[in-house]
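**Student:** Pasting the sequence and the predicted coordinates here, then a few questions.
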Amino acid sequence: MVFIKPDKASYWHTITRCTIDQKPDSLGRYYLNFESKLAYPEKFDDKDIPLWKINDEPYFHHPIVICQYALGIFEHLYQKNFSDEELKLRFLKQADWLKNSFTEIHCGKIWYIYYDIPLYGIKKPWYSALAQGEAVSVLTRTYLLTKDETYLNLAEDAIKPFFTEVKNGGLINYFNSIPIYEEYPSQIRTVGVLNGFMFSLFGLYDLILINNSDNARELFERGIDSLKKLLPYYDTGYWARYFLYDYPKAYVASYTYISIMYEQLKVLFQLTGEKLFDAYSERWKSYTEKKWNKLRALAKKIIYANTVSK
């Protein structure tokens, strides 16, 4: 149980810590330490691309899995000062999967995800702001290694769906009239998964750093403005909500996700200088240090996990 022993977390629930302590002036190390993601426990295809499955469905290429695996490789490359050619080749294979596997739609280039989420009314195939943002983080770092503008151009195309609303096939939904980039683009109502939203902001910032992208800057600034307005809705006074789908019901985050979220906010404080992000990061971290809060959050999660309403 991660709430009780976070150091025993499985591959999917490892806590990834902030890697920066100041605003970067150029693209480099990823903002969270994904080194644990290199130890992928599932299958790979014959091109060294990880495969993923849900329940009894067949294995498929999941873009979020591939991107997080790639960012795990990149962290190890960084720690070895980019001297490991085998790791570099493995990283480039993941980037080439992105380059060769996108689908072009009316509002950009995307990577499909192939499973249904009945709760949100999402049917396969669908795509995600989280996947798009992490793909941009991989593609921009691939450009850093190769200077091949194909990857950079694809990254620019990957952020275009952030300009289009979910009802029109894009990735923007609204909560109380505040725009949010959706990890789960539901037509039913805004899901608003916070960690997915912040991962998408990381990708936008990467594109600003690598080529001063006007589109990325506009989207990033809009996202930061939204985040400042949305954070109070996620705070329960003792823990953080995972999403806003069932608001004001408190479907709280797992220990892993509140930890990731306060580390993400620490990153965004460094990137923007917004003291609000630092304040929420410290507040949510303090929540996890109190045994009563952990027990209360765990009880809430058990009660609500199977009763989230549509």
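**Tutor:** Perfect, I can see it now.

**Student:** quick one: the residue nearest in space to the middle of the chain and V138, what's the gap?
**Tutor:** Most central in the chain under C-alpha atoms, centre = their mean is F199, positioned 3.3 Å from the mean C-alpha point. Look at F199 and V138: by C-beta to C-beta, to the nearest Å, they are 12 Å apart. C-beta coordinates here come from the backbone N, C-alpha and C atoms, glycine included.

**Student:** which residues touch the residue nearest to the centre of the chain?
**Tutor:** A129, L130, G133, E134, E183, Q264 (C-beta atoms under 8 Å, 6 or more residues apart in numbering).

**Student:** That one falls within a helix, correct?
**Tutor:** Yes - the assignment for F199 by DSSP: H, G, I helix; E, B strand; the rest coil puts it in a helix.

**Student:** Which pLDDT value goes with V2?
**Tutor:** pLDDT for V2: 56.

**Student:** Same question for the one 10 residues further on.
**Tutor:** For W12, the pLDDT comes out at 70.

**Student:** circling back: need the contacts of F199 in JSON lines (columns: neighbour count and pLDDT).
**Tutor:** Shown next, in JSON lines, are the contacts of F199 (neighbours: other C-beta atoms under 10 Å; pLDDT from 0 to 100):
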{"residue": "A129", "neighbour count": "30", "pLDDT": "98"}
{"residue": "L130", "neighbour count": "27", "pLDDT": "98"}
{"residue": "G133", "neighbour count": "30", "pLDDT": "98"}
{"residue": "E134", "neighbour count": "30", "pLDDT": "98"}
{"residue": "E183", "neighbour count": "24", "pLDDT": "98"}
{"residue": "Q264", "neighbour count": "24", "pLDDT": "98"}
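
**Student:** what's the farthest-apart pair in those?
**Tutor:** A129 and Q264 (13.9 Å; C-beta to C-beta).

**Student:** F175 versus the closest residue to L38 other than its chain neighbours, what's the distance?
**Tutor:** With C-beta to C-beta, 6 or more residues apart in numbering as the criterion, L38 has its nearest non-adjacent residue at 4.0 Å, and that residue is G72. To F175, G72 is 31 Å away according to C-beta to C-beta.

**Student:** So which of the two has more stuff around it?
**Tutor:** G72 (23 against 19; other C-beta atoms under 10 Å).

**Student:** in a helix, that's where the more buried one is, yeah?
**Tutor:** Yes - if the criterion is three-state DSSP, then G72 is within a helix.

**Student:** Contact partners for it?
**Tutor:** F34, E35, S36, K37, L38, A39, Y40.

**Student:** low-confidence ranges in this structure?
**Tutor:** Counting by pLDDT under 70, the chain shows low-confidence ranges at 1-10, 305-310.

**Student:** what about 50?
**Tutor:** The chain contains residues with pLDDT under 50 at 309-310.

**Student:** longest helix of it?
**Tutor:** helix 214-234 (DSSP state H).

**Student:** What is the burial count for I54?
**Tutor:** That count, for I54 with other C-beta under 10 Å as the rule, works out to 13.

**Student:** Put the alpha carbons of the helix or strand following the longest helix of the chain into PDB.
**Tutor:** Using DSSP states H and E, the helix or strand that follows helix 214-234 towards the C-terminus is helix 255-272. What follows is helix 255-272, C-alpha atoms only, in PDB (Å, rounded to 0.1, in the frame of the first residue of the first chain):
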ATOM      1  CA  TYR A 255      -0.300   9.100  -2.200                       C
ATOM      2  CA  THR A 256       1.600   8.700  -5.400                       C
ATOM      3  CA  TYR A 257      -0.400  11.300  -7.300                       C
ATOM      4  CA  ILE A 258      -0.400  14.000  -4.600                       C
ATOM      5  CA  SER A 259       3.300  13.500  -4.300                       C
ATOM      6  CA  ILE A 260       3.800  13.900  -8.100                       C
ATOM      7  CA  MET A 261       1.500  16.900  -8.100                       C
ATOM      8  CA  TYR A 262       3.500  18.800  -5.400                       C
ATOM      9  CA  GLU A 263       6.700  18.000  -7.200                       C
ATOM     10  CA  GLN A 264       5.200  19.300 -10.500                       C
ATOM     11  CA  LEU A 265       4.100  22.500  -8.700                       C
ATOM     12  CA  LYS A 266       7.700  22.800  -7.500                       C
ATOM     13  CA  VAL A 267       8.800  22.600 -11.100                       C
ATOM     14  CA  LEU A 268       6.300  25.200 -12.300                       C
ATOM     15  CA  PHE A 269       7.400  27.500  -9.500                       C
ATOM     16  CA  GLN A 270      10.900  27.400 -10.800                       C
ATOM     17  CA  LEU A 271       9.700  27.800 -14.400                       C
ATOM     18  CA  THR A 272       7.400  30.800 -13.700                       C
END
